[in-house]
Every structure is written in C-alpha cells, then in structure tokens.
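# the sequence and its predicted three-dimensional model are supplied below.
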Amino acid sequence: MVSESCGNPSVETEAIMTRRPKYDKSKFCIKCKLNSGAIIVRHAVYCKECFPALLSYKVKRILEPQINPKPELSRKKSLKASGNLLVGFSGGLGSTVLLDLISRIYLSHRTEIKEEGVTKSRGGKDHPRNEPVWKMVSVCYVEVASGFPGMTDKTQKIHQLLQENYESLEFIPIRLENAFDLSWWDKVGGKAALDVNTDLTSDELFVSTALNSPDSDSVQKLRSYISALPTRTAIESAIHTLIRILLLYTARSTQSSHLLLGTSLTSISIKLISSISQGGGFSVREEAQEEWNPDSKGAVRLIRPLQEITLKECSMWAWWNDLLVVGKEKYPRGKDGIEALTKEFIIGLERDYPSTVSTIARTCAKLAPKVDAAGLCILCERPLQPAVQEWKSQISIRATKEPSPPSHSSDPSSVLHSLTSYLCYSCHTTLSSRSSKGVSRNSSNTSLPLPVWASTHLQGLLVDVAITDMQPDLKEADEEIWLSHKVNPDEMKEAIGEFLLE
Amino acid sequence: MTTISLRIEFGGGLELLFSNEKRHTLTLPSIVSSDNNSKTSADALSGVNTKPADVEYLVFYLRDHLLQERPELFMEGKTVRPGILVLINDTDWELEGEGEYVLQNNDEIVFISTLHGG
C-alpha cells in the first residue's frame, strides 16, 4: 500500500526524526554497571568512581610500551627507563592534566616519602626493589612572551603553581629566545654556530652569514624571526617547532630518555589536520610520537600519553580534582591562522560527532610514507622527504623570472647558499608561503635569523658539500676522505664505452 | 507563581564573561515562555506558549541578564557554544537530556569552558 504521508516535518510533526541518543544502552556505568553514570565519553557512560581508572588505563596503554629501551609489550618485565623524565608544561589544560596523572601513576611514592620526612622500612609496592621508573623527573616550561611585546610573562606564576603542588619535581624554565642564544646552545651541548640569516623574498631562501650582526641579542633575533614570517599560520607553526626543539635539547641536557607532552586526542586531531594542510603529511607519525636523535648523541622518546583522551575528559578531570589551570596566552590575531580555524571546526565536530575526531587520529596512525627519508630537516629535525622542490614545481605556478641572489653579497665574508634543499616540505612552506591578504609587516623585514641548531646543521652540511668540491690532492692528515664528484657525459662514455653496442 | 532557586558555577575561564564571579545564585520562575524570552512578565505568560523552565531557558537567561560581554563566546544558536561543558548536579548534561532537562529547586548547574588553551 502506498504511503500517503509526505514526510515533510513542517506539515507532519511525527515526520521529524527522533533525536539520536548520545549514549549507548543505559545511563548506568559501563564498567561497574552499578553506579549511575556521570560522564559520556564517545557514547560510553562512566561513573565518577570508574573515571580515574579509565584515564589511567589510557595513559599506561600509550606510555608503558615505550618506557623500556626496547619497546616492551609484555607486562612481565618491570618498567625501567634508560634515563630521566622531562615533562613539557605549557600551563594549558592538557599539560596540567598530564602532570597530575603522571604524578599519581608513577610518582606518588616520592611525595609520600617526602611528607613523612623519615626513612621508614618500606614493604610491598614501596619496597626499594621496586625502583622508580625514572631516577629524576623534571618539568620544563617555555616562556614565549618575549616574542610578542605586551604579552604577560607567566614563568613566576607557573613556578609557584608547581612548587605548591609538585614540590619534589625540578622546575626548568626556559625561554623561546633561547633558540637564538649561543650560550644556551653551548650549555645543552650544541656545537658553535655562526649567525646565519635567510632571505625570504625568493623561494630559494638564500642564506648569508652575518658576522658582525647588530642583532646579537637573542630577544631581538626572536622578534626579527617572528616579524619576518609571512603569515599568522606560519608564525604559529614556527613557534610550535621552536618549542618542541627547545624541549628536546633540554631533555637531552637533563639525560632524559623520555619527554612527555600533554597533547589530548582533540589537540592531536587539530594538529594533524592543520599540519597536513600545510604540507606536513610526511611527518604524520611524528605528530603522535617520535624518537629524536639528530646527531646520534643519545635518543629522546617524545611521547604524548593523553593522545587517546579527549579535551572533554581532560576538562572533567581538572574540574573533579580541582586542578588549577593557568592557561596559555593567545598569540595576537591568532584566530586568523589555519590552526585556530581548524580548532573551531574540530571542537564543533566533537560535540555532535565525537567518534569522528578519534577517527582522524586513528586513521593518521595507519599512514606511513611511501619513500624513505633523505635525512632530517635542519629546521624542525623531522624526516626530510626527497625531491620536495621537484614536486612543488609540478603543482604550483612559480615565478616567471629566475631568482637571483640578493645584491648585498658584496661582503666577502658572507657566503651564499640556498636553504631550500635542507628543509622539509612543511618548513619550506612555512617560510615561503604568501598570504592572499598581503602581509603588513611592521618593518619591511624579510631577513630571517636561523635558530642555533639550524645554523649548526647547515654548517655541517655545507662543509660536506665543500669537501666533495675539493681538489683530490688536498687531504687531511691521518684521515681518509672519500671524494665524490659528478661525472660529466664524456667521462661516463669513456668508462662504459666498451659495453655499448653501437 | 512558583520559583526555582539555582546555584550556577562557571569554570575554565568562563567566569571572565560573568563579572569574574565563579558562583551565582538565581531564582527563576518555574513556568516560562517557550520562546525563551526572560523579559516576558508573569501576567503576559497567559497569552503565550509556555514550558517548564529548562536548561535551554537558563542559557538564554544567563546571556540576557548575567553576561557582561562577548555573548558569542557563550552561546551559539539556541545552546552553549561548542567547547563548553555543562554539568547538572555533577553529571554530564548529555545524560540528562541537555537543554530539555527541566530544572528542579536547588539544582546546581556548572558551565566549564574547555577552550582556555591547552
């Protein structure tokens, strides 16, 4: 029989689809099945009593297989890291929750012993045989305020917060301008580097050394770096990179084998979409977790233990445990950037379709690059994909005029090279992007100072290039040098001539 | 006309929009206008469609009477902006029917912003 209803909700009220419930089955806790639920996490209902175990389980699932030097999946082996632990703390919700959870799960015996003040004989789980996973635990905060005049410096406030709540942990405050500070670089074991600037007016990104640089102050260099960046998106991306690298070198200098960051599932999904849209697809895996060892001096595992915990769960945890969240400063006009727009989209999506956000992270975790990396990017120290420029020239319209090196090369002490082949796609895009609105720069600054690690890497690579260009009779004493030089067509024909058929 | 007394709390930085006060006490009428207009007087209610005061009405009421600035940071459409969690008596409002939950006397409603950075 043909239906006579037209299904139009404005005519027939019964035609409106019933609202899909936000939870599966019942309102009772899915874990204990006894208590009434207090929170819905992606359609599953949990009570307040079972919620801590849920978060603890999620953290351990991500972190524990990565603690022992050889990734350990079996639970039989006890957990013992090869070095210390550094926890990156930004003052935001994720960091605050991370520090609280790590402290409860792995560090509770330290605070107990400190409170008791006396050495008691400890048995059971506290027996000295069950040694702590990490010998020393430190918390590192990177202050970004120097880069933006008028931004509030929060170092003092954060120090106070950590002293009140995590007395046994060492606080290591560093500053964003350390990325341009040779004395900091020396302290963390970096090799001395010259001041190097790159010219952003062409895609070739020609570099020059600035031997007598007037901007020798690291704060000035940081501000110069920020003001030279072409877009708001580029500024956010670049600062994320600086912070990550600063934390990694700090981890190494504290003999830490692990660096933990409080990136939640929501934040990771935002960062993945935002990064991929800026050309970061090759390092999609590194967004979740990375093993960092750029010069083979000791590896640091960067892990994000909250990557399966949503922002909602973090918020509830902070609320129910009265955690004070200092908050992060927003960058000026940050809402114009890709990351802010992505965040708005994902937060909206998470409310109505919570499973979709976790799908983003899970799908990206299944991705792997088709080709091997050709070394590391000198700026972000992540895998460098081969043939970036070839790809770019195929997909975009390039300048019609051949770019020429800038004319200030009259100074004989400055050496000109292009930075482009040493950068990954994402970093190259960050430095060479063009805003559709046109950039209003405070200064007409197009000269970008390189962070200290980038200068050191670049110098190392250029020395390699110079050696291969050297005359064969120039040799280091006691050392063998393997020289390679490009073979021209005539030489090649001579070498293989007898094998040719014609 | 019966009234309902409510305890409201703001967290996660949301209090900055509400005179920097985290805790507020409100008294609302138990029957309100269906169009969430909190300025309709008690007498005028007999001429309009009414409903029992629910969380949806509360959100409009807070925007119209307590919010000091930037309403777009609190509300979007007929509900709270994405990124704001609502707890009704310490329970996720998604378990209680969200905006359709009918307010009871002495209920505690908490609004937490998850967007204060992190």
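Arrived safely. Numbers count the residues shown, from 1 in each chain, chains lettered A, B, ... in the order given.
# ok and the residue in the stretch 51-200 of chain A nearest chain B?
Among all residues of the stretch 51-200 of chain A, A:Gly92 sits closest to chain B, at 2.5 Å; criterion: CB to the nearest CB. Backbone N, C-alpha and C define where each C-beta goes, glycine included.
# hang on, A:Leu458 packs against A:Tyr422?
Yes. Between A:Leu458 and A:Tyr422 there is a contact under CB atoms under 8 Å: 6.3 Å.
# identify the contacts common to the two.
Common neighbours of A:Leu458 and A:Tyr422, counting by CB atoms under 8 Å, 6 or more residues apart in numbering or on different chains, are A:Ile378.
# and the closest residue in space to A:Cys377 that isn't next to it in sequence, how many residues sit next to it?
Closest residue in space to A:Cys377, ignoring its immediate chain neighbours: A:Cys424 at 3.8 Å, by CB to CB, 6 or more residues apart in numbering or on different chains. Residues lying near A:Cys424 (other CB atoms under 10 Å in any protein chain shown) number 26.
# check the one 10 residues further on too.
Taking other CB under 10 Å as the criterion, the count of residues near A:Arg434 is 9.
# for it, what are its contacts?
A:Pro230, A:Thr231.
# mind redoing it with 7 Å?
Residues near A:Arg434 by CB atoms under 7 Å, 6 or more residues apart in numbering or on different chains: A:Pro230.
# now do it against A:Thr456, distance only.
29 Å (CB to CB, to the nearest Å).
# excluding sequence neighbours, find me the nearest residue to residue 48.
All of this refers to chain A. In space, and not counting its chain neighbours, A:Lys48 is closest to A:Ala38: 4.5 Å by CB to CB, 6+ apart.
# correction: the question concerned chain B.
With CB to CB, 6+ apart as the criterion, B:Val48 has its nearest non-adjacent residue at 5.2 Å, and that residue is B:Ser33.
# the one you found: what's it in contact with?
B:Ser33 neighbours (CB under 7 Å, 6+ apart): B:Thr40, B:Leu45, B:Val48, B:Thr50.
# per-residue pLDDT, the third one?
Looking at B:Val48, its pLDDT reads 81.
# before we move on, the earlier item: give the buried subset of the contacts of B:Ser33 as a ChimeraX selection command.
Selection of buried members from the contacts of B:Ser33 for ChimeraX, criterion 16 or more other CB atoms under 10 Å in any protein chain shown:
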select /B:40,45
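# just the closest of the contacts of B:Ser33 to A:Val59, please.
For these, the closest approach to A:Val59 (CB to CB) belongs to B:Thr50, at 48.7 Å.
# quick check: the closest one vs B:Leu62, distance?
Distance from B:Thr50 to B:Leu62, by CB to CB: 20 Å.
# where does the chain dip in pLDDT?
Since no chain was named, I'll use chain A. Scanning chain A with the threshold set as pLDDT under 70 gives A:1-21, A:24-25, A:71-76, A:109-130, A:210-215, A:398-416, A:435-444, A:468-488, A:491-502.
# try chain B instead
For chain B, the stretches flagged by pLDDT under 70 are B:116-118.
# now do the strands in it.
B:3-11, B:23-29, B:31-33, B:50-52, B:75-76, B:79-80, B:84-88, B:91-92, B:107-113 (DSSP state E).
# would you reformat those as TSV and include distance to A:Asn197?
Shown next, in TSV, are the strands of chain B (distance: least, CB to CB, whole Å):
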stretch	distance to A:Asn197
strand B:3-11	46
strand B:23-29	54
strand B:31-33	65
strand B:50-52	66
strand B:75-76	45
strand B:79-80	48
strand B:84-88	45
strand B:91-92	53
strand B:107-113	42
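# OK, contacts around A:Ala454?
The contact partners of A:Ala454, by CB under 7 Å, 6+ apart, come to A:Ile378, A:Leu379.
# which bits of chain A sit near chain B?
Residues of chain A found near chain B, taking CB under 7 Å from any CB of the partner chain as the criterion, are A:22-23, A:27, A:37-40, A:45, A:90, A:92-95, A:262, A:311-312, A:315-316, A:319, A:325, A:327-328, A:330, A:347-348, A:351.
# and A:Ser421, how many neighbours does it have?
A:Ser421, neighbours per other CB under 10 Å, totals 18.
# that one should be in a helix, yeah?
Yes. A:Ser421: assigned to a helix according to DSSP: H, G, I helix; E, B strand; the rest coil.
# residues touching it, list them.
Applying CB under 7 Å, 6+ apart to A:Ser421 gives the contacts A:Gln389.
# what separation is there between the residue nearest to A:Cys377 and A:Leu205?
13 Å.
# check the gap between A:Leu367 and chain B for me.
26 Å (CB to the nearest CB, to the nearest Å).
# now do the SS call for that residue.
A:Leu367 ends up coil, using three-state DSSP.
# show me what counts as buried in stretch B:17-37.
In stretch B:17-37, counting by 16+ other CB under 10 Å, buried: B:Leu17, B:Phe18, B:His24, B:Leu26, B:Leu28, B:Pro29, B:Val32, B:Ser33, B:Asn36.
# which non-adjacent residue is nearest the last one?
Put plainly, it is B:Asn36. B:Phe60 (4.0 Å).
# related to what we said a few turns ago, so the residue nearest to A:Cys377 sits against A:Glu381, correct?
No. Using CB atoms under 7 Å, A:Cys424 is not in contact with A:Glu381; the gap is 9.5 Å.
# so what touches the strand or helix carrying A:Glu236?
Per DSSP states H and E: A:Glu236 is located in helix A:232-253. Contact with helix A:232-253 is made by A:86, A:88, A:140, A:142, A:144, A:172, A:174, A:176, A:178-179, A:187-189, A:226, A:229, A:259, A:278, A:292, A:298, A:300, A:302, A:331, A:333-334, A:336-339, A:379-381, A:430, A:433, A:451, A:453, as judged by CB under 7 Å, 6+ apart.
# please indicate which of those residues are buried?
Neighbour-count burial within the contacts of helix A:232-253 applies to A:86, A:88, A:140, A:142, A:144, A:172, A:174, A:176, A:178-179, A:188, A:226, A:229, A:259, A:278, A:292, A:300, A:302, A:331, A:337-339, A:379-381, A:430, A:433, A:451, A:453; the criterion is 16+ other CB under 10 Å.
# so which of these sit within helices?
Among the buried ones among the contacts of helix A:232-253, the ones falling in helices (DSSP state H) are A:Ile226, A:Ile338, A:Glu339, A:Thr430, A:Trp453.
# quick check: of those, which lies closest to chain B?
Of all these, the one with the least separation from chain B (CB to the nearest CB) is A:Glu339, at 12.5 Å.
# where do the helices of the stretch 1-150 of chain A begin and end?
For the stretch 1-150 of chain A, helices defined by DSSP state H, counting those that start in this stretch occupy the ranges A:51-63, A:93-106, A:108-116.
# do you know which of those helices lies nearest B:Gly11?
helix A:93-106 (11.1 Å).
# tilt between that closest one and helix A:51-63?
Inter-element angle recorded for helix A:93-106 and helix A:51-63: 90 degrees (by axes from the mean of the first three to the mean of the last three CA atoms, to 10 degrees).
# helices and strands around helix A:93-106, which ones?
Applying 3 or more CB pairs under 7 Å, 6 or more residues apart in numbering or on different chains; DSSP states H and E, one finds that helix A:93-106 contacts helix A:51-63, strand A:84-88, helix A:311-320.
# strands of chain A, start to end?
With strands called from DSSP E, chain A shows them at A:39-41, A:44-46, A:84-88, A:137-143, A:170-175, A:196-199, A:206-209, A:256-260, A:289-292, A:300-303, A:417-418, A:447-449.
# point out the residues in chain B that sit beside chain A.
Within chain B, the positions adjacent to chain A are B:11-13, B:82-83, B:85, B:90-92, B:94-95, B:112, B:114, B:116-118 by CB under 7 Å from any CB.
# for A:Ser218, what are its contacts?
Contacts for A:Ser218 were tallied using CB under 7 Å, 6+ apart; they are A:Glu177, A:Asn178, A:Phe180, A:Asp181.
# is it true that the third one touches A:Trp453?
No. Shown here, A:Phe180 and A:Trp453 do not form a contact pair, counting by CB under 7 Å, at 10.4 Å.
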